[in-house]
Each structure stands twice: as structure tokens, then as C-alpha cells.
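Trainee: Have a look at this prediction, sequence included:
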Amino acid sequence: MMKSALFPQVAEVNISPLSDIDLDLVQLLSLAHDPKAGAVVLFSGEVRDNSIGKTVNYLDYEAHESMASKMIASIVEEAAKRWHLTKALAQHRTGKVMSGESAVVVITCSPHRKEAYAANRYIIDRIKHEVPIWKCEYFSDGTKEWGGNCSCQKITGDANKHVYEFEG
């Protein structure tokens, strides 16, 4: 559970960084509103209906749950301190996620938009590249493909070298 003095309202509802049920974007957004924040940025990572030239039916996410939960909470807390956020939260799905559904949500709040955007991008990039979450894409032709949560190896040639958007 994400618990921090920085996020008292979020901690009160005991939001887990991982969820095996549909992510409720409306509920998560309602928890993020803060009178101290002039900016609320919501990122929702959606399952596309296509990948590598094939039609995607759904994705199946697996995670090293205890490690992934701790890492997501730590990444969010680090971003909150670095960008002086008033609130921040992140939640990632596990299990079967259909095309068009949300697989991950990051919400950041700050007095100004620059910090909220920067922190949001930082959180999603780190979750995608570092947290032990794996996905299997199930295609309409009956095939499937396992992979990590990122495709940086195709760019860098090294599974351990990532391209972070927040660095550029």
C-alpha cells in the first residue's frame, strides 16, 4: 500500500500499486484532487489493438508482486520529493487486460504544470523500464509473445539499457 505523509488522502483509501481488477480512472482522479495543486496530470497507459503488425486481443501482465509494489511506491515517493508534488499515485494492472483498457495509471499534482508533467513522465518511464512486471501479448491469429514492459532492447541492443524519455 502507498503510505506517505506526502499523500494523506491517497494513503487513507489504501491504494495498492498493483491491481488485478480494472483500474478506476474516475476514482483515482477524484482521490488526486488537491486545493494546493494548480495542475493535475493523469497518464493512462492503454492496451493497443495492434503490435508488431498483428491484431492484439489482450495482454496478460505478471509481476513479482512484493518487489513491484515496493518499487512503484518508492518511485512515486522519490518523484514527489524531487518535484515538490502535493499528491502522486500510480497503479498497474496484473492479469488479463483487454484492448482499449487501462494497464497503468499515473497521476501527479503540483502547484504548477511543469512539475506535474515532468514528474508524471519520470514515474511512468521508471515503472515501465525498471519494475518487475512482464506482459504477454495474445494475438488474434492464436499466437502470443512474452516480453518486458518496455521494448528498449530493440533500440539499444541491450536488455539492461533503457531509453528514458524524461532524460531528453
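Mentor: That came through, no problem. Residues are numbered from 1 along each chain as shown.

Trainee: Tell me who's in contact with the spatially most central residue of the chain.
Mentor: The centre of the chain sits closest to residue 104, judged by C-alpha atoms, centre = their mean, with a distance of 4.0 Å. Contacts for residue 104 (C-beta atoms under 8 Å, 6 or more residues apart in numbering) come out as 23, 43, 44, 45, 90, 91, 92, 93, 124, 127, 128. C-beta: built from backbone N, CA, C; applies to glycine.

Trainee: For the fifth one, give its distance to residue 137.
Mentor: Same thing as residue 90. Per C-beta to C-beta, to the nearest Å, residue 90 is found 22 Å from residue 137.

Trainee: So which of those two has more stuff around it?
Mentor: Between residue 90 and residue 137, residue 90 has the larger neighbour count (other C-beta atoms under 10 Å), namely 26 against 20.

Trainee: name the element the more buried one belongs to?
Mentor: Secondary structure assignment for residue 90, by DSSP states H and E: strand 87-93.

Trainee: Report all helices and strands that that strand contacts.
Mentor: Using 3 or more C-beta pairs under 8 Å, 6 or more residues apart in numbering; DSSP states H and E as the contact test, the elements touching strand 87-93 are helix 8-12, strand 18-19, helix 25-32, strand 54-63, helix 65-82, strand 102-110, helix 113-130.

Trainee: what element comes up after it heading to the C-terminus?
Mentor: Next along from strand 87-93, by DSSP H and E: strand 95-98.
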